[in-house]
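Colleague: predicted model follows, preceded by the sequence.
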Amino acid sequence: MTGSGAMVLQFDRVTKTYDTVTAINAVSLEIESGSFVALVGASGSGKSTLLKTVNRLVEPGGGSVRFEDEDVATVPLPALRRKVGYVFQSIGLFPHMSVGENIAIGPRLAGEKLSVSRIAELLELVELDGSYANRMPHELSGGQRQRIGVARALAGDPRLLLMDEPFGALDPVTRDALGRRVRDLHQEFGLTTVMVTHDMAEALLLADRVLVMDGGQIVADETPRALVNGSGGAIAQGLVAVPRSQADALEALEE
Ligand SMILES: Nc1ncnc2c1ncn2[C@@H]1O[C@H](COP(=O)(O)OP(=O)(O)OP(=O)(O)O)[C@@H](O)[C@H]1O
């Protein structure tokens with residue numbers, strides 16, 4: 001369910017242009033505290049670029065992004081990145097650091113040392129035993145690495161979680177389990193979560209609100225229920241048609 005009603009993120013006519021490509025075209029958008037928002041759309045529609053304007057991996061050419069009523073352009077980067085957890089597909093664990101050191105890297109860069117018990121606690125949040133802290137990244141499966149990515153994103157006690165195709169490289173069973181775990185953590189910690197995904201079924205099942213991007217703009221902004229019931233326009237419905245036709249095909253196999 002959505003949260004308190006306060007707006008945690010406010011995009012005001014945010015634009016980003018690369019040479020001749022307008023990756024984001026004057027996007028204005030507000031995201032409510034406690035909501036779980038999925039950002040879907042075709043490849044190249046601007047999803048990742050929009051997400052990265054929040055933690056300033058991308059600096060917009062125009063417009064502004066406000067996080068908790070502060071323009072992110074004016075917040076010192078370490079403080080911003082501490083409050084904003086970030087999980088992405090190629091999780092980028094440092095190969096020569098143990099799992100524990102990888103989890104603790106964000107706080108360490110901000111001058112804080114995480115205790116062994118805090119690292120074990122973070123591992124338990126993603127359903128891994130505390131002993132994983134001593135492993136090296138190459139000793140993990142892809143799903144375990146992605147769990148470490150989530151633990152690392154939570155290490156700074158963020159209030160906002162940004163996820164860019166976090167489960168894209170995972171097998172369907174792991175993907176489903178980790179998606180539901182993240183949804184539970186979102187609820188447990190009262191986070192606001194924005195997740196980029198290619199998978200409309202994942203968006204419909206995990207999010208409270210689904211934003212559809214096309215050509216650098218948001219062309220639909222609907223609840224999953226409204227999308228399933230036909231709202232959102234042609235582009236959104238084109239994306240909903242994929243899981244719908246798969247569900248129909250499965251049903252047709254039933255005896
Ligand atoms: N660093 C960059 N330099 C030049 N063009 C870029 C850069 N980053 C993104 N773009 C372009 O901006 C547009 C939007 O890219 P973006 O990565 O935001 O799309 P996306 O919807 O996240 O795509 P995908 O689903 O494939 O990850 C694309 O046309 C892309 O080629």
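Modeller: That came in fine, so what should we check first?
Colleague: near the ligand, which residues of the stretch 151-255 of the chain are found?
Modeller: Residues of the stretch 151-255 of the chain lying close to the ligand by CB under 6 Å from any ligand atom are His198. Just so you know, the C-beta spots here come from the backbone N, C-alpha and C atoms, and that holds for glycine as well.
Colleague: run the last query once more with 8 Å
Modeller: Counting by CB under 8 Å from any ligand atom, the stretch 151-255 of the chain comes close to the ligand at Asp164, Glu165, Val196, His198, Met213, Gly216.
Colleague: how near is the last one to Leu50?
Modeller: When distance is defined by CB to CB, to the nearest Å, Gly216 is 8 Å away from Leu50.
Colleague: nearest the geometric middle of this structure, what residue?
Modeller: Among the residues of the chain, the one closest to the centroid is Met163, at 1.8 Å (CA atoms, centre = their mean).
Colleague: of Gly216 and Leu50, who's got more company?
Modeller: A count of neighbours by other CB atoms under 10 Å puts Leu50 above the other of Gly216 and Leu50, at 28 against 23.
Colleague: the more buried one is in contact with Asn25, isn't it?
Modeller: No: using CB atoms under 8 Å as the test, Leu50 is too far from Asn25 to be in contact (10.3 Å).
Colleague: hang on, the earlier thing: now the two most distant members of the residues of the stretch 151-255 of the chain next to the ligand.
Modeller: Greatest spatial distance among these (CB to CB): Glu165 and Gly216, at 18.2 Å.
Colleague: any idea which helix is longest in this structure?
Modeller: In the chain, taking DSSP state H as the definition, the longest helix is helix 233-253.
Colleague: that one packs against which elements?
Modeller: Applying 3 or more CB pairs under 8 Å, 6 or more residues apart in numbering; DSSP states H and E, we find helix 233-253 packed against strand 36-41, helix 200-206, strand 209-214, strand 217-222, helix 224-228.
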